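# Predicted model and sequence below, questions to follow.
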Amino acid sequence: MQLDPVRCLPDDGCAGILIGRVWRPGVGPSVAALRDGGVFDITRAAPTVAGLLNEADPVALAKSAAGERIGDVSEILGNSAAAARDPARPRFLAPIDLQAVKAAGVTFVRSLLERVVEEQSRGDPARAAAVRESLAAVIGGDLSAVKPGSAEAARLKEALQKRGMWSQYLEVGIGPDVEIFTKCPPMASVGTGADIGLHPRSVWNNPEPEIVLAINAAGDIVGASLGNDVNLRDFEGRSALLLGKAKDNNGSSAIGPFLRLFDATFSLDDVRRAEVALEVRGPEGYVLNGNSSLSMISRDPAEIVGQAIGDTHQYPDGLVLFLGTMFAPIEDRDRPGEGFTHKLGDIVTIASAKLGALVNRVGRSDEIERWEFGALALMRNLAGRGLV
């Protein structure tokens with residue numbers, strides 16, 4: 001696992017406002033600002049990332065906080081890989097803390113169709129190729145041209161219902177209401193270098209490379225990061241009611257490497273234009289490359305956020321929102337017709353020019369590091385440091 005500034009920082013380095021969280025041995029989790037001179041602990045000015053993002057001007061606060069220099073970016077990145085970590089030295093965590101962690105599903109046509117494949121094949125990868133072929137024959141055309149919630153979408157729904165091909169995934173993919181679900185509890189996401197987790201009973205699963213928006217309590221989008229919405233295709237394919245088990249397991253939410261705040265160098269329009277690249281390197285020499293282009297998203301990110309927070313949904317600590325992915329791997333890794341699934345030891349890299357690279361190793365949820373530091377532990381730690 002290669003974790004260094006050249007690979008992990010945005011193409012423009014520290015030109016923007018990069019916020020991270022660092023585990024400091026003997027101290028605890030600390031909010032950090034990445035600058036050309038190193039990594040600076042700004043916890044005394046902003047005890048939590050959630051609090052920072054709910055300030056009237058988080059960019060100004062992040063810039064003005066002097067902070068304590070705790071090391072070089074390269075040193076802390078290098079110690080963040082789970083396999084080679086020195087517990088006596090600082091390491092990066094996920095760059096969020098008390099925010100709710102939400103995710104939007106089936107926001108791209110390609111992944112929409114693959115969710116229907118999962119449903120129709122009942123989570124059996126051996127049936128996927130045949131279902132995919134028959135589905136294409138029935139739907140035909142280009143679904144990407146169909147605006148969700150439009151009259152055209154309603155006519156398509158009626159036609160598919162008559163042919164017995166309507167699906168709950170098509171409902172949220174082209175219907176008026178976007179699918180938004182809870183990915184994991186606050187504090188449960190892992191950061192760059194950490195092991196991500198697969199349920200031990202899953203035999204059909206995949207990474208989901210996504211951009212993750214950071215939203216304050218007022219509903220304002222104030223920054224973005226990268227995320228891996230680790231997905232179990234077999235569990236969700238058997239039943240959509242297993243979404244919680246398919247999506248929320250130990251280590252199944254990875255966010256990082258840093259949170260980039262919106263400023264003169266980075267905006268929501270950069271998110272709208274972003275290309276998100278994926279690389280999976282297997283222990284047997286296997287390599288998979290893919291990409292997700294935000295320009296292909298079915299709904300504008302601001303529209304998705306508008307359905308996530310507002311008069312019917314409040315988040316006093318703010319939230320982060322996975323925007324979904326167009327990436328749905330169908331290339332065979334092992335047996336013909338079964339497509340892609342992870343192997344333990346896979347190294348997954350998710351990268352985008354203005355957000356850097358998030359790198360994780362695949363393990364089993366019951367064997368990787370347990371999640372034991374939650375919101376209560378954070379509050380106790382900050383109180384002991386005289387910060388709350």
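Structure received.
# so where do the strands sit in the stretch 101-250 of the chain?
Assigned by DSSP state E, counting those that start in this stretch, the stretch 101-250 of the chain shows strands spanning 179-184, 195-198, 205-206, 209-215, 221-229, 231-232.
# buried ones in stretch 358-369?
358-365, 368 (16 or more other Cβ atoms under 10 Å). C-beta here means a position set from N, CA and C on the backbone, and glycine is covered the same way.
# what's the most distant pair in the residues you listed?
The span of the buried residues of stretch 358-369, defined through Cβ to Cβ, is set by L358 and R364 at 20.0 Å.
# Now do the closest residue to L355 other than its chain neighbours, the pLDDT please.
Once flanking residues are discounted, L355 sits nearest to L226: 5.0 Å by Cβ to Cβ, 6 or more residues apart in numbering. Listed pLDDT for L226 reads 98.
# again with the one 3 residues further on
pLDDT, D229: 97.
# check contacts around the most centrally placed residue in the chain.
For the chain, the residue nearest the mean C-alpha position is G227 (2.4 Å; Cα atoms, centre = their mean). Residues in contact with G227 (Cβ atoms under 8 Å, 6 or more residues apart in numbering) are 189, 209-212, 253-255, 322, 350, 358.
# hmm, try it at 6 Å
For G227, the contacting residues are 210, 212, 255, 322, by Cβ atoms under 6 Å, 6 or more residues apart in numbering.
# Name whatever forms a beta bridge with the last one.
Following DSSP bridges, F322 is listed with bridge partners A103, V212.
# my guess is it meets D229, correct?
Yes. Using Cβ atoms under 6 Å, F322 makes contact with D229 at a distance of 4.9 Å.
# Common neighbours of the two, please.
By the contact definition Cβ under 6 Å, 6+ apart, F322 and D229 are jointly contacted by 103, 210.
# ok, back up a step: got JSON lines for the strands of the stretch 101-250 of the chain, with distance to K157 too?
Output for the strands of the stretch 101-250 of the chain, formatted as JSON lines (distance: least, Cβ to Cβ, whole Å):
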{"stretch": "strand 179-184", "distance to K157": "16"}
{"stretch": "strand 195-198", "distance to K157": "34"}
{"stretch": "strand 205-206", "distance to K157": "27"}
{"stretch": "strand 209-215", "distance to K157": "26"}
{"stretch": "strand 221-229", "distance to K157": "26"}
{"stretch": "strand 231-232", "distance to K157": "25"}
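# Out of those, which is closest to A15?
With distances scored as Cβ to Cβ, the stretch of these nearest to A15 is strand 221-229 (14.5 Å).
# how far off strand 179-184 does that closest one point, in degrees?
If you take axes from the mean of the first three to the mean of the last three Cα atoms, to 10 degrees, strand 221-229 sits at 70 degrees to strand 179-184.
# Tell me what angle strand 221-229 forms with strand 209-215.
Using the same axes, to 10 degrees, strand 221-229 lies at 150 degrees relative to strand 209-215.
# What would strand 221-229 look like as CSV? C-alpha coordinates only.
Extracted in CSV, the C-alpha atoms of strand 221-229 (Å, rounded to 0.1, in the frame of the first residue of the first chain):
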residue,chain,number,x,y,z
ILE,A,221,-22.8,22.2,1.2
VAL,A,222,-19.4,23.3,2.5
GLY,A,223,-16.9,20.8,1.2
ALA,A,224,-16.3,17.3,-0.2
SER,A,225,-14.2,14.2,0.2
LEU,A,226,-13.8,10.8,-1.4
GLY,A,227,-15.6,7.7,-0.2
ASN,A,228,-15.9,3.9,-0.7
ASP,A,229,-19.5,2.8,-0.1
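# in that strand, what's buried?
For strand 221-229, burial by neighbour count (16+ other Cβ under 10 Å) applies to 221-229.
# which stretches of the chain form helices?
Under the criterion DSSP state H, the chain contains helices at 5-8, 49-53, 58-64, 73-78, 109-120, 128-139, 151-162, 168-174, 233-238, 243-247, 268-272, 301-308, 375-384.
# Of the ones you listed, give the one that comes closest to I42.
helix 58-64 (6.9 Å).
# mean confidence score for that closest one?
What helix 58-64 shows for mean pLDDT is 97.
# And stretch 245-258, by the same measure?
pLDDT averaged over stretch 245-258 gives 97.
# Pull the number of nearby residues for A145.
A145 is flanked by 8 other residues according to other Cβ atoms under 10 Å.
# All set now, cheers.
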